[in-house]
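[1] Show me the folded form of this:
(2 chains)
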Amino acid sequence: MAGAALGYARRATALGATRATVAAAYGVGIAVAALYVQHPLMLASLLTAVIVSGVLANCWRAMLLTLRWTLLPLVLTTVVINAIVSREGLTVVARLGEWGPLGQVNVTLEAIVYGLVYALRLVIVALAFVLVYCSADPDELLLASRRLAPRSALAALLGTRLMPVLAADARRLADAQRCRSRQPSKSRGRALVVRAGVRGAIDRSLDAAAVLEMRGFGDPRRPPRAHHPRSRHDIAFIFATAVILAAAIVSNALPGSHFSAYPLVSVAVTAPLVLLCLVTVTASVLPFLDRRGVVR
Amino acid sequence: MTLLEIQDLSYRYPGADRDALSGVGLTLRPGEFCVLAGLSGSGKSTLLRAAAGLVPHFHGGEFGGRVQVAGLDTRTASVGAIGALAGTVLQDPETQAVMGGVRAEIAFGVENRGAGGAQTARAVEETALSLGIAGLLDRRLDTLSGGELQRVAIAAALAPQPSLLLLDEPTSQLDPVAGDELVWQLRRLNEETDTAVLLVEHRLERCLAAADRVVALDGGRVVCDSDPGGFLAWAAGPSPALLTPGARMFSLAGLAPLPASVKRARQQLRGRPRAARGTRAGAPAGGKTVLRARGVWHELQDGPTLLRGVDLDLPAGQTVALMGRNGAGKSTLLRHFSGLLKPTRGSVSAQGRVALLMQNPGDYLLHDTVAEEASETALAAAGLAALAGRDVRDLSGGERQRLALAVVLDGEPPTVITLDEPTRGMDGAAKSRLATWLRRQAAAGCGVIVATHDTEFAARFADRVVLLAEGAVIADGPAREVLASGRWFSTETARILGPDAGAILPEEGAGLFAAPDGEPVAIAR
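    Numbering: from 1, shown residues only, chains lettered A, B, ... in the order given. Here you go, the predicted model:
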C-alpha cells in the first residue's frame, strides 16, 4: 500500500484531474526549461516550481524518497567529480597533490560552483520526471503513444507490467524459502530464488504473450483517435507549461543577466530576471488553486 | 448455426508420453451454458485452450482433428482472430493483466478491435456494472485482491461482447458468496445476450444449477454429454467423485432423481420422513495449547488495517478451518502464525515449529529434481520416494503439493501445520485425500489450521471453524455449528436440510433418511 502511493495513483489534485498527456507535458516542460536556462536564479525558481508542484500534486513522498536515495548521492558525485577533473577556474581552495594519471589536482571554487549548478539541473529534471511518473496515467500515455509506435509502446508497457508481477513472484519464493526447516546457505538460497524467478519469468512472459494475442494485440486495426473535451485543469496546465517555457527562453536572452563559472564566477541579476523567476513560480502554483472537479 | 465445433480432436503436448485429448467431439450452439467436468488431468483446460486457439499455436505438440469457432478453423486462423469471437479467461488472473488500471484493462480488448472512444467507454461501463465492479474502475491493478483481479479479467474478456465465453475455473480464487454471484452473473449474461459459455469448474455444486449441459472428460475423452440431471445420474455410477454434495447425499440415501440444485433437492425432500437431527460430537477438547494469538493487529503504514485484535488458541490435535470472504485477513493471519509477519500490536506464541504451506506449492520447489528438494525420510512420508529422480517440472499438481508439503515438514517436526488455500484447482478425490492426511496429522498430535474458501472441504477435515471478516473473528465454534448455521459459509448438505438437521456432510445427511422418522440419529464422521 505504501508502495502504491509512491507510483501513479489517481490523486484528488488539479494535476491529477488533467489528462495524462497534459500532466506529462507539464513535467517534461519543466525539465526542458531546466536543461535550457543558464542562470542559477532561474534554475532555483524552476526547482521551487517543481517542488511546489510536487507538494500540491501530493507527490512529495515520492520526491523525498527520490532525493534521499538517488539524487543526493548523484549531486555529491557530480560536484566531487567536477571539482577533481576540471582544469578551469582560478580560485584554488584545496591542493590535493599528484593523483597518478590525473596529475596535479587542485580544487577550484569555480569548479565547485559549476558542479553545483549542473547538479541543480539534474535535480530539477529528475524531480520533474517523478512528477510525471506520479501524475500521468501510464495507460493513457500508452494509448496516446500507441498511434505513433504501437508495438514499441505496448512492449514497453508490458515490460513495466511484468516487473511488479515478477517482484511479487520473487517475494513469494523468498517467503517460501523462509518456511523451510532446512534452509540452504544465504548465498545459495539467493541463487536458487533468482534461478527460480528467471524460470518463472519465462513462463509469465509466455502467458502474457498468449493473453495479448487473445485480446487482439496482433489485430492490424488501430484504435481511432479519441476526442475528449479539454477540462479547465487541462487548459490551466497547458497555459502554465507555455508560460514556464517562455520564461526560460526569455531569461537566456535577457541583456544584463548572465552567469558564468569560469574562469571566475560571475553572476549578474537584473529586475526583469527576478520578475521572470516570480512568473515561473506563480505559473506553477496558480493551476493548483482551482480545485473544482478534482475528484473523478 | 454452431459457435464451437470440435471434431475428433486429439492432442499431445510436446514431449508427453500420452495424449491429453483423444477423439473429442463437441458442439456448442449460441445461448448454451455448458460446464466441462472431470478430475484433474482429464483434459478440461487443454480442451478450453484448443477452443481458444492456444492449442496448438502457443503450445506446439501433435494436433489431430478440427476445431472451428464460428466457422474459423483454429489451425489456420490466428489466436487474435479467434479471440474476437471467443473471450477467454485462464486460471491465473495475475498473468492476464496487461495494463496498469482497471478501466484501461477492460477497455484494452475493445480498443484493439477498432472500437471508438464512446463505444469503448460504454462497453467498459456496462461490463463493469454487470459484474458489480464499477467501484473498481479507477483502481490500479496492483492494489486489487486476487478475487477482484479475477473479476476484472472476466470483465476484460466480456467487454468486447464475444459470442462465446471460455472460462477456466473463474471462481477458484473467490469466496463462496462471490463465486456464486459470478456464476449467476454469467447465467444472466447468457440468458440476456445469447452468449454461449463453456465453463471449466471443479466445484460443480456452484454451477450445475445454472448449466444447460455438462460434458465430462476422463483421460482426454468425452465420457458423458448430458443435461445436469443426466450427468449426475451418470456420475453416480462410474465417477462418484464428480457428484455434488447434494447429489451424493441423495445417492447414498437411495433417493432419485439426483438434484442439480439446492432448490430442487429441497422440493424433492419436502414431506419425506427423516430423523429430526443428527447428533455429532463437537470439536474435541484437544491437548495442550500449541499456538496462541492474543490481540493480534496488523496495520499497514499508509494503508488499511488487515487484522483487528485476533485472539485464537489452538490445542494439539485440533483441525481448524479459517474461513471468510476475499480480503478478510486469512492469509495474513497464517503468516503471523508462521513468523513471516510480526503483529503491529499483540502477540503470537507457538510451542515448537509452525509449518506453512502457501497457496502456490511451486514456490517451494527451487531445485531440479525431487530428491534435491527434501530428505529421503520426508519424501517417503509424502509417498514420493519412487519419484526421487524425477524433474520437479514433470510432477502433476497433486504431486507438486505433496512435495511442497514434504519440503515444509522436512527436518524439525512441526507442532502446527498451516495451509493457505490448498484446494485451488483440486478435484474432489484429491480433496478427500488431503482431508484424510490432515486428520492423520492431527491424530498424531499436530495442530492444523487451513485457510480455505471451500466449505465442503472444511466440513470434511475441520473440527472447528473460525470465520473472519474485516480482520476480526466473527464466528468461532465447532464445524457442525458454524457450517450449518449460515446461508453462505455453509455446506450444500446443510443448506438442503436446514440448520436444524445438524448434518454438514452428504454421508451424515443420507444417514438421516435411513433412521426412524423423527428420531435423532448419531452421526459418525
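[2] Going by secondary structure, residue A:241 is in what exactly?
    Element membership for residue A:241, per DSSP states H and E: helix A:232-253.
[3] Heading C-terminal from the helix or strand residue B:126 falls within, find the next helix or strand.
    Per DSSP H and E: residue B:126 is located in helix B:117-130. Next in sequence after helix B:117-130, counting helices and strands by DSSP H and E, comes helix B:146-158.
[4] Check what pLDDT residue B:109 gets.
    With respect to pLDDT, residue B:109 scores 89.
[5] Residue numbers of the stretch 401-525 of chain B in contact with chain A?
    Residues of the stretch 401-525 of chain B lying close to chain A by CB under 8 Å from any CB of the partner chain are B:407, B:408, B:409, B:410, B:411, B:412, B:414. Every residue, glycine included, has its C-beta placed from N, CA and C.
[6] If we ignore the residues flanking it in sequence, what's nearest the fifth one?
    The shortest distance from residue B:411 to any residue other than its chain neighbours is 3.2 Å, reached at residue A:181 (CB to CB, 6 or more residues apart in numbering or on different chains).
[7] likewise residue A:36?
    Per CB to CB, 6+ apart, closest to residue A:36 is residue A:248, 5.2 Å.
[8] so what's that neighbour up against?
    By CB atoms under 8 Å, 6 or more residues apart in numbering or on different chains, residue A:248 lies in contact with A:32, A:33, A:36, A:37, A:42, A:46, A:280.
[9] how many other residues sit next to residue B:254?
    9 (other CB atoms under 10 Å in any protein chain shown).
[10] Domain-wise, how is chain A divided?
    Recorded structural domains for chain A (assignment: automatic domain parsing) are A:2-141+A:231-289, A:149-214.
[11] Export only the CA atoms of stretch A:118-128, formatted as PDB.
    Once non-C-alpha atoms are left out, stretch A:118-128 reads as follows in PDB (Å, rounded to 0.1, in the frame of the first residue of the first chain):
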ATOM      1  CA  TYR A 118      25.000  21.200 -13.000                       C
ATOM      2  CA  ALA A 119      23.700  19.100 -10.200                       C
ATOM      3  CA  LEU A 120      20.900  21.500  -9.600                       C
ATOM      4  CA  ARG A 121      19.800  21.000 -13.200                       C
ATOM      5  CA  LEU A 122      19.900  17.200 -12.700                       C
ATOM      6  CA  VAL A 123      17.800  17.500  -9.600                       C
ATOM      7  CA  ILE A 124      15.100  19.600 -11.400                       C
ATOM      8  CA  VAL A 125      15.000  17.200 -14.300                       C
ATOM      9  CA  ALA A 126      14.700  14.100 -12.000                       C
ATOM     10  CA  LEU A 127      12.000  15.700  -9.800                       C
ATOM     11  CA  ALA A 128      10.100  16.700 -12.900                       C
END
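[12] okay, the domains of chain A, which one's buried deepest?
    Ranked by mean neighbour count, the domains of chain A are led by domain A:2-141+A:231-289 with a mean of 18 (mean count of other CB atoms under 10 Å in any protein chain shown).
[13] check contacts around the residue sitting nearest the centre point of chain A.
    Closest to where the C-alpha atoms of chain A average out (CA atoms, centre = their mean) is residue A:129, at 2.2 Å. Shown in contact with residue A:129 (CB under 8 Å, 6+ apart): A:27, A:31.
[14] switch to 10 Å and redo it
    Residues in contact with residue A:129 (CB atoms under 10 Å, 6 or more residues apart in numbering or on different chains) are A:24, A:27, A:28, A:30, A:31, A:50, A:66.
[15] Quick check: phi and psi on it?
    With angles defined as degrees, to the nearest 10, residue A:129 shows backbone torsions of phi -80, psi -30.
[16] Report the separation between it and residue B:420.
    39 Å (CB to CB, to the nearest Å).
[17] I'd like to know how many residues surround residue B:381.
    Counted with other CB under 10 Å, residue B:381 comes out at 16.
[18] shaky segments in chain A?
    A:1-6, A:150, A:154, A:157-158, A:160-161, A:218-226, A:296 (pLDDT under 70).
[19] any low-confidence regions in the stretch 401-525 of chain B?
    B:515-525.
[20] Strands of that one, start to end?
    Ranges of strands in the stretch 401-525 of chain B, per DSSP state E, counting those that start in this stretch, are B:414-420, B:447-451, B:464-469, B:472-478, B:521-522.
[21] what's the answer for the stretch 1-150 of chain B, then?
    B:4-12, B:21-28, B:33-37, B:62-69, B:72-73, B:86-89.
[22] I'd like to know which of those strands lies nearest to residue B:490.
    strand B:33-37 (22.5 Å; CB to CB).
[23] pLDDT on that closest one, on average?
    96.
[24] got the angle for it vs strand B:4-12?
    Here strand B:33-37 points in a direction 20 degrees away from that of strand B:4-12 (axes from the mean of the first three to the mean of the last three CA atoms, to 10 degrees).
[25] Next SSE downstream of the longest strand anywhere in chain A?
    Using DSSP state E, we find that the single longest strand of chain A is strand A:92-98. Downstream of strand A:92-98, the first helix or strand assigned by DSSP H and E is strand A:104-108.
[26] quick one, what contacts residue 133?
    You didn't pick a chain, so chain A it is. Counted by CB under 10 Å, 6+ apart, residue A:133 has contacts A:6, A:7, A:8, A:24, A:27, A:59, A:62, A:66.
[27] actually it's chain B I care about, not the one you picked
    Contacts of residue B:133 by CB under 10 Å, 6+ apart are B:102, B:106, B:127, B:139, B:144, B:148, B:151, B:152, B:154, B:155.
[28] Can you sort out which of those residues also neighbour chain A?
    B:102, B:139 (CB under 10 Å from any CB of the partner chain).
[29] returning to that earlier point: and which of the contacts of residue A:133 is nearest to chain B?
    When the contacts of residue A:133 are compared for distance to chain B (CB to the nearest CB), residue A:8 wins out at 7.0 Å.
[30] Doesn't the closest one belong to a strand?
    No - Residue A:8: not assigned to a strand; according to DSSP: H, G, I helix; E, B strand; the rest coil it is coil.
[31] In this structure it contacts residue A:58, no?
    No - the criterion here is CB atoms under 10 Å, and residue A:8 misses it with residue A:58 at 11.7 Å.
[32] Spell out which residues are contacts of both of these two.
    Shared contacts of residue A:8 and residue A:58 (CB under 10 Å, 6+ apart): A:16, A:134, A:135.
[33] Name the nearest residue to the last one, ignoring sequence neighbours.
    It refers to residue A:135. Computed as CB to CB, 6+ apart, the closest residue to residue A:135 that is not its neighbour in sequence is residue A:23, at 4.3 Å.
[34] go on, residue B:312?
    residue B:293 (4.4 Å).
[35] Got the phi and psi for the residue lying closest to residue B:343 once chain neighbours are set aside?
    Excluding the flanking residues, the one nearest residue B:343 by CB to CB, 6+ apart is residue B:296, at 4.6 Å. Main-chain dihedrals, residue B:296, degrees, to the nearest 10: phi -80, psi 120.
[36] what bridges to residue B:296?
    residue B:310 (DSSP bridges).
[37] how close does it sit to residue B:330?
    Taking CB to CB, one finds residue B:296 at 13 Å from residue B:330.
[38] Same check on residue B:292?
    From residue B:292 to residue B:330 the distance is 18 Å (CB to CB).
[39] who's more crowded, these two?
    residue B:330 (26 against 14).
[40] coming back round to it: ok, now how distant is the residue nearest to residue B:343 from residue B:355?
    Distance from residue B:296 to residue B:355, by CB to CB: 19 Å.
[41] rewinding a little: quick one: the residue nearest to residue B:312 and residue B:320 touch, right?
    No - counting by CB under 10 Å, residue B:293 stays clear of residue B:320, with 11.7 Å between them.
[42] Find residues that contact each of these two.
    With CB under 10 Å, 6+ apart as the test, residue B:293 and residue B:320 both reach B:312, B:314.
[43] Identify the residues contacting residue 293.
    As the question left the chain open, I've gone with chain A. A:14, A:17, A:231, A:232, A:233.
[44] not what I meant, chain B
    By CB under 10 Å, 6+ apart, the residues touching residue B:293 are B:307, B:309-314, B:333, B:336-337, B:343, B:346-350, B:473.
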